[in-house]
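Q: Quick check, what structure comes out for this input:
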Amino acid sequence: MKPSATYSLRPNPVVAMPETAMVMAAGLGKRMRPLTVTRPKPLVEVAGKTLLDHTMDHLREAGIRRAVVNVHYLADQVEAHLKVRAGDVEVLISDERAQLMETGGGIVQARDLLGDKPFFTVNSDTLWVDGPIGSLNALAAAWDDEKMDALLLLVPLARAFSHRGQGDFRLDPLGRITERRKPGRLAPFVYAGAQILSPRVIKDWPEGPFSTNLFWNRALEQGRLWGTVHQGLWFDVGTPAAVKEAEEILAEM
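A: Predicted structure coming up:
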């Protein structure tokens, strides 16, 4: 594999930081049991801080002051935590108590809260440590609205701690995503749980829950799906064992 820096997009000289981020916090956290029997996955602690707080800290560091948070499982706990810990970030709740909408359906349900400009989405079940530049800042710097409908933060499969998958995407040298992983093959890059989406992608959606893959596949077909490579540490903290591994690695820093 070529060095990951080869795939870094050339920064946009005019950087417009998206004003809003959607934080995906509605999942059931089944793989995280027994830690999620009595608490939602975003409130599981890693290195003395909840996953949700790690995510909110990244938003603050990037200067994002508005977060749309979807809730479903043990939603009252998530809302109560945010009321105490949100600080200077304005939090709007997208309530999925009645039905878990998955990632794509969650974006559709929250579309009126997200506005008409490009926005971040950030998973609350991944954990990362930034490298020389904050990853959300790197996404904003690389965003080009004329040629992109989605810009994904990616991590090389070889550096994806605790990740048990086989990769998600391939990139060309300019940073355009050229294909998804094919069955029986490895792909060199994993989706790292953060992205910028254009509101243009929110159209012609199916009824009920569905994955963001629908939007990605359309953008890929049109050559408008791009990626930028995370330069720091990244952890897939989906299980209790992964939480322990992440804490051991972080303790050595």
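Q: what's near enough to touch residue 176?
A: Residues in contact with residue 176, defined by C-beta atoms under 8 Å, 6 or more residues apart in numbering, are 223, 225, 226, 227. Just so you know, the C-beta spots here come from the backbone N, C-alpha and C atoms, and that holds for glycine as well.
Q: so what's the second one closest to, chain neighbours aside?
A: So the one you mean is residue 225. Nearest residue to residue 225, sequence neighbours excluded (C-beta to C-beta, 6 or more residues apart in numbering): residue 219, at 3.9 Å.
Q: right, and the secondary structure at that neighbour would be what?
A: For residue 219, the secondary-structure state derived from DSSP: H, G, I helix; E, B strand; the rest coil is helix.
Q: Residue 225 touches residue 180, doesn't it?
A: No - using C-beta atoms under 8 Å, residue 225 is not in contact with residue 180, being 9.4 Å away.
Q: Between the two, which has more neighbouring residues?
A: For residue 225 versus residue 180, the count of surrounding residues by other C-beta atoms under 10 Å is larger for residue 225: 25 against 15.
Q: And that one, how close does it get to residue 71?
A: Separation of residue 225 from residue 71 (C-beta to C-beta, to the nearest Å) stands at 28 Å.
Q: same question, residue 224
A: 30 Å.
Q: of these two, who's got more company?
A: Under the criterion of other C-beta under 10 Å, the comparison of residue 224 against residue 71 puts residue 71 first, with 23 against 20.
Q: Now the more buried one: closest residue in space that isn't a chain neighbour?
A: Nearest in space to residue 71, with sequence neighbours left out and distances taken as C-beta to C-beta, 6+ apart, is residue 78 at 4.9 Å.
Q: same check, this time on residue 140
A: In space, and not counting its chain neighbours, residue 140 is closest to residue 17: 4.7 Å by C-beta to C-beta, 6+ apart.
Q: unless I'm mixing things up, the one you found is touching residue 63, no?
A: Yes - taking contacts as C-beta under 8 Å, residue 17 lies within contact range of residue 63: 5.8 Å.
Q: For these two, indicate the residue with more neighbours.
A: The residue with more neighbours, out of residue 17 and residue 63, is residue 17; 16 against 12, by other C-beta under 10 Å.
Q: show me where pLDDT drops low in this structure?
A: For the chain, residues meeting the criterion pLDDT under 70 lie at 1-15.
Q: Only C-alpha atoms, please: export the strand of greatest length in it in PDB.
A: In the chain, with assignment by DSSP state E, the single longest strand is strand 189-197. As requested, the backbone C-alpha atoms of strand 189-197 are provided in PDB (Å, rounded to 0.1, in the frame of the first residue of the first chain):
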ATOM      1  CA  PHE A 189      -9.500   1.900   3.800                       C
ATOM      2  CA  VAL A 190     -12.200   1.800   6.500                       C
ATOM      3  CA  TYR A 191     -14.900   4.400   7.100                       C
ATOM      4  CA  ALA A 192     -13.800   6.100  10.300                       C
ATOM      5  CA  GLY A 193     -17.300   7.300  11.400                       C
ATOM      6  CA  ALA A 194     -17.200  11.000  10.300                       C
ATOM      7  CA  GLN A 195     -18.100  12.700   7.100                       C
ATOM      8  CA  ILE A 196     -19.400  15.800   5.400                       C
ATOM      9  CA  LEU A 197     -22.600  15.400   3.400                       C
END
